[in-house]
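Colleague: sequence isn't available, so here's the structure alone:
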């Protein structure tokens, strides 16, 4: 977060996706169905990988913030590593 390699929150992530800066989207499993649908559609349209992980509280805690439904990773290397780790946990 401090390095500016991610965006958090629906509005910021939507901007990152539409601006073609997002490399990976992480969405909370307890996000609203509308939020999930919107980001799944956007991820599909812009060809961005999407991972459902944790809940809003956990995502916010990981960033040192309040609850977050969505996180967009903006760095290729960081996104690759998170995808690898997600595959290991499945």
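Modeller: Thanks, I have it. Computed from a prediction, not measured in an experiment: that's the story for all the values here.

Colleague: how near is residue 36 to residue 64?
Modeller: As judged by CB to CB, to the nearest Å, residue 36 and residue 64 stand 24 Å apart. Just so you know, the C-beta spots here come from the backbone N, C-alpha and C atoms, and that holds for glycine as well.

Colleague: for residue 76, grab the count of nearby residues.
Modeller: 11 (other CB atoms under 10 Å).

Colleague: ok, residue 20 touching residue 45?
Modeller: No: if you go by CB atoms under 8 Å, residue 20 and residue 45 don't touch, sitting 11.0 Å apart.

Colleague: so where is this structure shaky, pLDDT-wise?
Modeller: 1-2, 89-90 (pLDDT under 70).

Colleague: contacting residues around stretch 19-37?
Modeller: Applying CB atoms under 8 Å, 6 or more residues apart in numbering, the contact partners of stretch 19-37 are 7, 10, 13, 16-17, 39, 42-43, 46, 48-56, 58-59, 68-76, 78-79, 82-83.
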